[in-house]
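**Student:** Dropping the sequence and predicted coords here.
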Number of protein chains: 2
Amino acid sequence: MSSVQMPEIAPNFPSSAVQQAISIEAGRQCKGKLWSNLTEVCDLLHIPFNASMAGGELLFQHVQFKTGQRIHTSGQRFDSLCIVNSGFLKTVSIDECGNEQVLSFPMKGDLLGVESIYTKKYFSDTVALSDCNLILLPFKRLAALGHAHAEIENAIYEMLSRELVRKQMMVNMLGAPNAEARVAGFLVSLSERYSEIGYSKTMFTLRMTRNEIGSYLGLSLETVSRTLSALHEIGLISVDQRVIRIKELDLLKLLRRIPSSKSRTGRLKAGKSPSIIKWPQLVPGSLVN
Amino acid sequence: MSSVQMPEIAPNFPSSAVQQAISIEAGRQCKGKLWSNLTEVCDLLHIPFNASMAGGELLFQHVQFKTGQRIHTSGQRFDSLCIVNSGFLKTVSIDECGNEQVLSFPMKGDLLGVESIYTKKYFSDTVALSDCNLILLPFKRLAALGHAHAEIENAIYEMLSRELVRKQMMVNMLGAPNAEARVAGFLVSLSERYSEIGYSKTMFTLRMTRNEIGSYLGLSLETVSRTLSALHEIGLISVDQRVIRIKELDLLKLLRRIPSSKSRTGRLKAGKSPSIIKWPQLVPGSLVN
DNA sequence: CGCGCGTTTGAATCTAGTCAAGCTGGGTGG
DNA sequence: CCACCCAGCTTGACTAGATTCAAACGCGCG
């Protein structure tokens, strides 16, 4: 890589005060990779993209954070999306009374800051739970890239949509009636995400405290602890401090959905008419493409 | 209670003539169908867009649904996003056990089906809670439009991002510790959304049952009813069946965040380092733009 | 070694769920 | 026109489950 490609990155925008200078040479001295190209970025996001065609030479900067450091704070001006390249984080929202609520636990391949596209400011605080390596995706640059290449544009849409799918699934989990179901759901989703990024799906270490899990799930830390102990007791998992071993993944998945007895909300009626899918009076061809 | 409101739109259609030509504010007639152009669509979404430049002649079809009808079902192939032009709906997810959970209550200006861009299938069921008028946005057509015009492309990004912001705020509400806070938050958000689309922010009719509210908030229908009664008792609101009058909006907003006593999760520590915002090792200008 | 943090576990309290009964209002059919 | 029905809503009593307060433990770290 040469520094020739870099200037494109540096536009004439008023730079915000938080940034510190470091030369590219100094960057090279640091451990790990400092730049990624588009192919690597798409790989990370599991987005199919044929890199040979476009943008192969474009580079995106990495940034390093150490445990406990704050990546960005709510209200800060929005510049860049971030992709987690390695490490574990949490995002929290802090209301006017100082109450904190954990909103997500991003890990490798996750995207940070998507809500900020609309609000123009970062919408939550993001904190590193471990040493982290993030890739910056300056949004305007990304959008420009998308505008030039339809594949990339589509990839961006899918990226954003996927974030929504994940939030949706989180809402599902939070809607669970009891602590057991929520914790089970939490463990299952962790298991799936770990396995997606190459870790074991049956044994992993929690990167967050019980307090943070509780905040995320809308439970007290004691309830989280008790529920984990209970699941251990039953034999579905084994818990040793932060180390979780899942023994009965299928049962755990079942637990996530079946509360104790009957359906939580009873049966919600669809309304008067039967559940027949009707698209009334569509003009032929108006839907397709 | 006589059903109030719906002053402007009032879609009281004869059951047979669904597509009868009724002059709905945003919509023109063509071959007996209703259509909207891009300007009207952007207006509806509150997205700034100078229509004179592009796509002014493109038309998007309206579809009508009657109370109880199902707009689409989970798993169905994804074709189109929908914008709510008038009416009220709910989206629900149904798990393998048949449990239903209400995920959202879309109303005028809301966008349906965003998660489906990623999954390629509709991700939840959508049901009309009242007679509805929706505008179809065939996604591929929309994307093509965006690709041709950067402003539209950007509008799409903002649209998607905004959906995420809303989901985020819903997660916040669901994370509330007690029923009071959740119901208060629900009422406040309804109030804000109603006022955004031109209704009174202090008096409105609930379009959904207590059961549906409970499903949405993760509470039983009895708890919803009791909480509403309690808020009525205190004098913060008045409840008469489905008609809500908000008397102390500020107090309600306060209630939404301050539970009973202390912060729910205690104080979540940021980690070892203080909450100073640090962006280590940034190349100057790499963040901006 | 002691300190602090995170965790576990127990006991008391209280919130919200469950079950059940009664009420209301809109719609239907005699 | 009225009686009836039914879905939705309210309210009460009881109970299960979660929070709160409190104490004690393990572990890493200065």
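**Tutor:** On my side now, so go ahead. Numbering: from 1, shown residues only, chains lettered A, B, ... in the order given.
**Student:** CA atoms for contacts and neighbours, from now on please.
**Tutor:** OK.
**Student:** Tell me who's in contact with residue A:243.
**Tutor:** A:203-206 (CA atoms under 8 Å, 6 or more residues apart in numbering or on different chains).
**Student:** and it, what are its bridge partners?
**Tutor:** Taking DSSP bridges, one finds residue A:205, residue A:240 as the beta-bridge partners of residue A:243.
**Student:** re earlier: identify the farthest-apart pair in the contacts of residue A:243.
**Tutor:** Between any two of these, the greatest separation by CA to CA is 9.8 Å, found for A:203 and A:206.
**Student:** can you confirm residue A:67 is in a helix?
**Tutor:** No - with DSSP: H, G, I helix; E, B strand; the rest coil as the criterion, residue A:67 is located in coil rather than a helix.
**Student:** Against residue A:90, how distant is the residue nearest to it when sequence neighbours are not counted?
**Tutor:** Spatial nearest neighbour of residue A:67, excluding adjacent residues (CA to CA, 6 or more residues apart in numbering or on different chains): residue A:130 at 4.3 Å. From residue A:130 across to residue A:90, the span is 10 Å (CA to CA, to the nearest Å).
**Student:** Please, where are all the helices along the stretch 1-150 of chain A?
**Tutor:** Per DSSP state H, counting those that start in this stretch, the stretch 1-150 of chain A has helices spanning A:24-29, A:38-44, A:116-119, A:139-148, A:150-174. These are given in chain order.
**Student:** pLDDT below threshold where in chain A?
**Tutor:** Under the criterion of pLDDT under 70, the regions of chain A flagged as low confidence span A:1-33, A:50-56, A:258-289.
**Student:** picking up where we left off before, need the contact list for the residue nearest to residue A:67.
**Tutor:** For residue A:130, the set of contacting residues under the criterion of CA under 8 Å, 6+ apart consists of A:66-68, A:87-89, A:207.
**Student:** By neighbours, which of those wins?
**Tutor:** Each of the contacts of residue A:130 was scored by neighbour count (other CA atoms under 10 Å in any protein chain shown); the top score is that of residue A:89, with 26 neighbours.
**Student:** okay, now the residue lying closest to residue A:216 once chain neighbours are set aside: neighbour count?
**Tutor:** What sits nearest to residue A:216 in space, not counting adjacent residues and going by CA to CA, 6+ apart, is residue A:102, at 4.7 Å. As a burial measure, the neighbour count of residue A:102 was computed by other CA under 10 Å and equals 26.
**Student:** residues contacting residue A:102?
**Tutor:** A:90-93, A:212-213, A:215-216.
**Student:** Looking at residue A:203 and residue A:206, which one has more neighbours?
**Tutor:** Neighbours around residue A:203 and residue A:206, counted as other CA under 10 Å, are more numerous at residue A:203. The numbers are 18 against 15.
**Student:** Quick check: phi and psi on the residue of the stretch 1-150 of chain A found nearest chain B?
**Tutor:** Using CA to the nearest CA, residue A:68 is the residue of the stretch 1-150 of chain A that sits closest to chain B, at 4.0 Å. Recorded main-chain torsions at residue A:68 are phi 90, psi -20, according to degrees, to the nearest 10.
**Student:** Also residue A:220?
**Tutor:** Here residue A:220 shows phi and psi, under degrees, to the nearest 10, equal to phi -80, psi 160.
**Student:** quick one: it from residue A:186, how far?
**Tutor:** Residue A:220 sits at a distance of 15 Å from residue A:186 (criterion: CA to CA).
**Student:** Show me the strands in chain A, by range?
**Tutor:** For chain A, the strands identified by DSSP state E occupy A:35-37, A:59-65, A:70-72, A:80-86, A:89-94, A:100-104, A:111-112, A:125-128, A:132-138, A:203-205, A:237-240, A:243-246, in order along the chain.
**Student:** State the paired neighbours of the second one in the sheet, together with their directions.
**Tutor:** Using DSSP bridges, the neighbouring strands of strand A:59-65 in the sheet come out as strand A:35-37 (antiparallel), strand A:132-138 (antiparallel).
**Student:** Tell me which of those is the most buried.
**Tutor:** Here the criterion is mean neighbour count by mean count of other CA atoms under 10 Å in any protein chain shown, and of these the winner is strand A:132-138, at a mean of 23.
**Student:** Next one: residue A:82 from residue A:190, what distance?
**Tutor:** Where residue A:190 is concerned, residue A:82 sits at a distance of 20 Å (CA to CA).
**Student:** So for those two, which sits in the more crowded spot?
**Tutor:** Counted by other CA under 10 Å, residue A:82 and residue A:190 do not tie: residue A:82 has more neighbours, with 23 against 18.
**Student:** ok, the more buried one - contacts?
**Tutor:** Residue A:82 touches A:111-113, A:134-137, counting by CA under 8 Å, 6+ apart.
**Student:** From those, pick the one nearest residue A:254.
**Tutor:** Proximity of the contacts of residue A:82 to residue A:254 was ranked by CA to CA; the top entry is residue A:111 with 28.8 Å.
**Student:** how about the nearest residue to the closest one, chain neighbours excluded?
**Tutor:** For residue A:111, ignoring the flanking residues on the chain, the nearest one in space by CA to CA, 6+ apart is residue A:83 at 4.7 Å.
**Student:** again with residue A:192
**Tutor:** Taking CA to CA, 6+ apart, and ignoring the residues beside it in sequence, residue A:192 has residue A:201 as its nearest neighbour in space, at 6.3 Å.
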